[in-house]
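> after the sequence you'll find the predicted model.
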2 protein chains.
Amino acid sequence: MLLGLGVVGGGVARALTEKAARCAQRAGVPLVLRRVLVRDLERPRLLTLPEGLLTDDAEEALATDCDIVVEVLGGEHPATEYIERSLAKGHRVVSANKEVMAKHGARLLSLASERGGEIFYEASVGGGIPIISPLKRDLSANEIGSLRAIINGTTNYILTVMSGGVDFASALRDAQQLGYAEPKPANDIDGHDAAYKLAILASLAFHTKLHPDDVYREGITRLTPRDFRYAAELGYAIKLLAIARRDGNAIEARVNPALVPQGELLAKVDGVLNAVQVEGDLAGRVLFQGAGAGALPTTSAILADVLDAAGSIAQGGRPSPWRYTSDIPVKPMSELVSRYYIRVEVADRPGVLAGIGKAFGDNGVSIASVIQKETDEKAQTAEIVIMTHAAREAAVQTSIQQVESLDVVRQVGNFLRVED
Amino acid sequence: MLLGLGVVGGGVARALTEKAARCAQRAGVPLVLRRVLVRDLERPRLLTLPEGLLTDDAEEALATDCDIVVEVLGGEHPATEYIERSLAKGHRVVSANKEVMAKHGARLLSLASERGGEIFYEASVGGGIPIISPLKRDLSANEIGSLRAIINGTTNYILTVMSGGVDFASALRDAQQLGYAEPKPANDIDGHDAAYKLAILASLAFHTKLHPDDVYREGITRLTPRDFRYAAELGYAIKLLAIARRDGNAIEARVNPALVPQGELLAKVDGVLNAVQVEGDLAGRVLFQGAGAGALPTTSAILADVLDAAGSIAQGGRPSPWRYTSDIPVKPMSELVSRYYIRVEVADRPGVLAGIGKAFGDNGVSIASVIQKETDEKAQTAEIVIMTHAAREAAVQTSIQQVESLDVVRQVGNFLRVED
C-alpha cells in the first residue's frame, strides 16, 4: 500500500508497474499495489493506475489488507501517526521520511520490534546511495569512529557555485531557478535537513538515540566568495559537513560549513551530489557517493527496501529487530577541539597583529599562520586570515569576542572549523 | 568453523574473540568458534586460541558440527572442494575467495540454493568496501547499465607512483618493497586479479554467468611515464579499469588501462584504494570507495557476512536463493566502440602526418586531435599523440598495424582506450 503519490510516490508506483516482472523475480513473490492514498482524487496524473486503486480516505487506506506499507507523504504529520498505526498492526513499513525517522525513529523501531513488524528507511538519507543498509549490515562488525557527510544537495550546489566567485544570494537564486532550492530555502540552507539525516545516520552508527535537536547546526548564509578564495589559497574547499564522531563516552554531532583539504575525496564532491564517509576500526575509511535526491534515486532506495521486505516475507523469517544498545551523551559544542579559520577586517595600521595575537594567546589558542589579504587603501582597512592550531571551541569563541572588541578591528568577518 | 588461519583468518579469529559481545548483540546469538583448520600446527602464532581448536586434518575440520563455515584459504584448490562439501551439507558458507567465486560462483550458488544453504562472499571483492551486498540488495530494483571499477590496489599504487614520472620497473620495485606487490607480481600487473573480481561483480549486476576467461584483459606493463605526462596534458589520468557494460543483448567485459577524465572521481582514487562505480537506471551513478585489501578491511567484510548468516539463522528464515536469470553473451572485443589515445614514434620529416592520417582515414577512424610531442633532433625522431573520435576497436587495430608498417614510423609506442 502506498501512502502518497507525489513526485516520489509516482516514481514508486510507476516502477512497481513497469518493473513488475523484475521485482517479482528479485523478491521471489509478485508485488501487487493494493491501495494508494492521495490528497486530491481529481488531480490530473501522468501515471495511469488501475481503476479504484486511489483513495483520499486515510482510514480506508490504512484498513487495507496488505503486507507492506510504503510511506512517501513527507513531513512529520500525519506521516508519523500513519506509520505508527501500520507498525502497530505488525506490518512492514518502508518510509522515505527523514523528519519522522530523525525525530521518532527510536520509538518506531521499538514498536516494530514489539509487534513483529519492521521499518525500513534507506530512502530517508542520501537518495539512491546505499547507506542505511551498509551501516546496519556491511559495517556491523565495526566500531564506528566517525561519520562525515555531504548530505544536502541544495547547499552543496550553492557552495559549488560560490567557489567560482559568486555571492550567496546569487548562488541561491541560481539553485532556485534550477529547482534545486525551495522558494523558502531555510530547511536546507540553515542545515535542518542535514541535521535530520545526521541524526538518523549517527543513531545507527553508534547504536544510540540521537535527536536532531542535539545536533549543533550552522547554515551556509554567512559565507562569502572571499572565504572560498582564501580557503583555496590555503589548500581547502568549503563544504557543509554533517559530522558525528565518537569521542570516548560522548559523541560529537554537528552540521557546519568546514574547510576540507582539497586532496580529500569529500572536497571533490560537487554540485547536487551527496557523499558519506564512514570510518570503522576494521574497514577503515569507506566512502559512498551518488545522487542524494530526485524521484528516481529515491525510488531506487524505496524499492530496495520493498524487495527486501517482500523477500523476507517470502523466506518466512521473523524480521530482525534493531536494538539501540546505548544512550550516549552528546558532547557540548564548547568542548569541541578543532583547527579554525578566522577572517578579520582590521584597520590598516601598526600594532594590529599584536593586539589580535594577544587575544588568542591569552586564551591559550595557538596561531598556526596569519596572512594579510586585501587592503583597501582609501578606507585604510585590511583583511587578515588566521589559521589556528587545534584549540577548544570555547577558547576560540572567547578569543573572537575579545578580538571584536579591539579598537583596530572592524569586525570578525567569518570563522570556520577545519576538518582535516 | 574457520578454514585457514593466515593473515585474514587470524584477523577473523581475533575479531571473533575480541568482539564477541558486539557480535552476539548484532547477530542476536552468540558466535562460537568451533574448529580452525591450519596447514601447520607447529607454526608460532600471535593469537592464542583455546586449546584443541586447531587441527591440520581437513576431514576432521569438515566433519565439525557447525552452522557457518568461513573459508579464508585462498587459491582455487582445495578451497573449492571444501566449500562444495560444506554447501552440500546445507551450511552457510562465508568465503573471501575471488578465484573460487569467479570461476565456480554460479555452480556454488546453485548448490547452496538446492541444499538450503547460502554462500556469502562480500570479502571477495573490494576488501572492506560494501559492494556485493549493495548490488544484491540496495540496487536490486535497478537495471544496471555499467560497472567501472578500480579493484586492484597493487596496480593502482604503481600507476599513482608512475603518474609522478617514475618508470614501471621502479614503481613495481617500490610497491614490492612496501609489501603491496608480490615477488611474482603477474597476477596483479597482468590484470588477472581484477578480471576475477570483475567477473564476480558483473555476474551479480547483470544476473548472468560471466567467466573470468571471457573478460578481455590487458595489464599495465606497457605504460611509460610519457603516457602519463601526455594524458595529463590532455586532461586525463591513467587507471587500470575493470569495466562491464550492458550493450543491448550483450555485455562488454574488460580490464585495461584507460584514460579517465581528471574531473571524474575515479580519476582521483589514488594509491592502494579501490573504488567501484555502478550506474543504474534509477539510482544513477553510485560510487563506493575504500580500502580494497588488508587483513582488517577483509575481516570487516567477512564478519558482516558471518553476522548476516547468524542473524538469519536466529530469525529462522530460509536463506534467500540467488538466481542467475540470464546468460548474456559477451561482446567480442573487436566490436568495442571507444575513443583511443595512440602514441607513435616517427621520423621527423615532412609527410609523416599525411601517411598516418591516411591509414586511419582508410579504416573509417576519425581523428580528433594530433599533437607533436618531444623531438629528438639528433636521432631525427619525433613523437606524436593521436586522439581519435569514437571508433570500432577492429578498425583502430587495423589502422595501427598499417601505421606500424609505414616507413616513416619507428613504432607505435602505446595505445590506450579512453573512458569518458
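Good, I have the coordinates. Numbering: from 1, shown residues only, chains lettered A, B, ... in the order given.

> low pLDDT regions in chain A?
Low-confidence segments of chain A, defined by pLDDT under 70, are located at A:323, A:325.

> who does A:Arg245 form a beta bridge with?
Counting by DSSP bridges, A:Arg245 forms beta bridges with A:Ser146, A:Glu252.

> surely A:Asp193 meets A:Lys98?
Yes: shown here, A:Asp193 and A:Lys98 form a contact pair, counting by CB atoms under 8 Å, at 7.2 Å. All C-beta atoms are positioned from the backbone trio N, CA, C, and that covers glycine.

> can you tell me the SS state at the residue of the stretch 251-400 of chain A found nearest chain B?
Among the residues of the stretch 251-400 of chain A, A:Gly317 lies nearest to chain B; the distance is 2.0 Å by CB to the nearest CB. Applying DSSP: H, G, I helix; E, B strand; the rest coil to A:Gly317 yields a three-state assignment of coil.

> okay, now it: neighbour count?
Around A:Gly317 sit 19 other residues, with neighbours defined as other CB atoms under 10 Å in any protein chain shown.

> who's in contact with the residue lying closest to it once chain neighbours are set aside?
Computed as CB to CB, 6 or more residues apart in numbering or on different chains, the closest residue to A:Gly317 that is not its neighbour in sequence is B:Gly317, at 2.0 Å. Counting by CB atoms under 8 Å, 6 or more residues apart in numbering or on different chains, B:Gly317 touches A:312, A:315-318.

> most neighbours, which of those?
Compared across those, A:Ser312 has the highest neighbour count, 21 neighbours, by other CB under 10 Å.

> tell me the contacts of that residue?
A:Ser312 sits in contact with A:92, A:118, A:319, B:317, where contact means CB under 8 Å, 6+ apart.

> okay, these in JSON lines with distance to A:Ile131 next?
Formatted as JSON lines, the entries for these read as follows, by distance: CB to CB, whole Å:
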{"residue": "A:Arg92", "distance to A:Ile131": "20"}
{"residue": "A:Glu118", "distance to A:Ile131": "18"}
{"residue": "A:Pro319", "distance to A:Ile131": "20"}
{"residue": "B:Gly317", "distance to A:Ile131": "24"}
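
> just the buried ones from those?
Burial by neighbour count, judged by 16 or more other CB atoms under 10 Å in any protein chain shown, picks out A:92, A:118, A:319, B:317 from those.

> surely the third one is in contact with A:His91?
No: judged on CB under 8 Å, A:Pro319 makes no contact with A:His91 at a distance of 10.4 Å.

> tell me who's in contact with A:Asp56.
A:Asp56 touches A:37-41, counting by CB under 8 Å, 6+ apart.

> what residues are shared contacts of A:Pro319 and A:His91?
By the contact definition CB under 8 Å, 6+ apart, A:Pro319 and A:His91 are jointly contacted by A:Gly117.

> stretch A:282-295 and chain B in contact?
Yes: counting by CB under 8 Å from any CB of the partner chain, chain B has neighbours in stretch A:282-295: A:282-291, A:294.

> hey, where'd the strands end up in the stretch 51-200 of chain A?
A:54-55, A:68-71, A:92-95, A:118-120, A:144-150 (DSSP state E, counting those that start in this stretch).

> among those, which comes closest to A:Gln277?
Proximity of the strands of the stretch 51-200 of chain A to A:Gln277 was assessed by CB to CB; the nearest stretch is strand A:144-150, lying at 4.8 Å.

> could you list every helix and strand that the closest one packs against?
The helices and strands touching strand A:144-150, judged by 3 or more CB pairs under 8 Å, 6 or more residues apart in numbering or on different chains; DSSP states H and E, are helix A:192-206, strand A:236-247, strand A:273-280.

> hmm, the shortest one in reach of chain B?
Yes: contact of strand A:273-280 with chain B is found when judged by CB under 8 Å from any CB, involving A:Gly280.

> what parts of the stretch 201-350 of chain A come near chain B?
By the criterion of CB under 8 Å from any CB, the positions of the stretch 201-350 of chain A lying close to chain B are A:265, A:268-269, A:280-291, A:294, A:296-297, A:299-301, A:303-304, A:306-308, A:311-312, A:314-321, A:323, A:325.

> show me those that map onto strands.
Counting by DSSP state E, the members of those that fall within strands are A:280, A:284-291.

> turn the helices and strands packed on strand A:144-150 into CSV, columns for mean neighbour count and distance to B:Arg85.
Below are the helices and strands packed on strand A:144-150 laid out as CSV (neighbours: other CB atoms under 10 Å in any protein chain shown; distance: least, CB to CB, whole Å):
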stretch, mean neighbour count, distance to B:Arg85
helix A:192-206, 27, 38
strand A:236-247, 23, 42
strand A:273-280, 24, 33
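
> buried subset of the contacts of A:Asp56?
For these, a burial check counting by 16+ other CB under 10 Å picks out A:37-38.

> closest one of the contacts of A:Asp56 to A:Ala232?
Sorting the contacts of A:Asp56 by how near they are to A:Ala232, with CB to CB, puts A:Arg39 at the top with 46.5 Å.

> by contact count, what packs against whichever strand or helix holds A:Val412?
Secondary structure assigned from DSSP states H and E places A:Val412 in strand A:409-418. Applying 3+ CB pairs under 8 Å, 6+ apart, one finds that strand A:409-418 makes contact with helix A:225-233, strand A:250-261, strand A:337-347, helix A:352-362, strand A:381-388, helix A:393-404.

> one step back: which one of the contacts of A:Ser312 is nearest to A:Leu198?
Where these are concerned, and distances follow CB to CB, A:Leu198 has its nearest neighbour in A:Glu118, at 23.2 Å.

> ok, back up a step: mind listing which of the contacts of A:Asp56 are in strands?
Members of these lying in strands (criterion: DSSP E): A:Leu37.

> of the contacts of A:Asp56, just say which sits nearest to A:Ile386.
Proximity of these to A:Ile386 was ranked by CB to CB; the top entry is A:Arg39 with 52.8 Å.

> excluding its backbone neighbours, what's nearest the closest one?
Excluding its sequence neighbours, the residue lying closest to A:Arg39 (CB to CB, 6+ apart) is A:Asp56, at 6.4 Å.

> how far away is that neighbour from A:Pro130?
Distance, A:Asp56 to A:Pro130, using CB to CB, to the nearest Å: 34 Å.

> OK, contacts around the residue most central in space within chain A?
Centre of chain A computed as the mean C-alpha position; nearest residue by CA atoms, centre = their mean is A:Ala194, 2.9 Å away. Residues touching A:Ala194, when contacts are defined by CB under 8 Å, 6+ apart, comprise A:149, A:151-152, A:155, A:217, A:240, A:242, A:255.

> one more pass at 10 Å, please.
Taking CB atoms under 10 Å, 6 or more residues apart in numbering or on different chains as the contact definition, A:Ala194 lies against A:98, A:125, A:149-152, A:154-156, A:187-188, A:212, A:215, A:217, A:219, A:240-242, A:254-256.

> quick one: secondary structure of the residue of chain A most remote from its centre?
Most distant from the centre of chain A: A:Pro350, at 44.8 Å, with distances by CA atoms, centre = their mean. State at A:Pro350, reduced to three classes by three-state DSSP: coil.

> do I have it right that it meets A:Ala382?
No: using CB atoms under 10 Å, A:Pro350 is not in contact with A:Ala382, being 11.6 Å away.

> got any residues that touch both of those two?
Both A:Pro350 and A:Ala382 lack any common contacting residue under the criterion CB under 10 Å, 6+ apart.

> contact partners for the closest residue to A:Arg92 other than its chain neighbours?
By the measure of CB to CB, 6+ apart, the closest residue to A:Arg92 outside its immediate chain neighbours is A:Ala309, 4.1 Å from it. The neighbourhood of A:Ala309, defined by CB under 10 Å, 6+ apart, consists of A:27, A:31, A:67-70, A:91-94, A:117-120, A:319.
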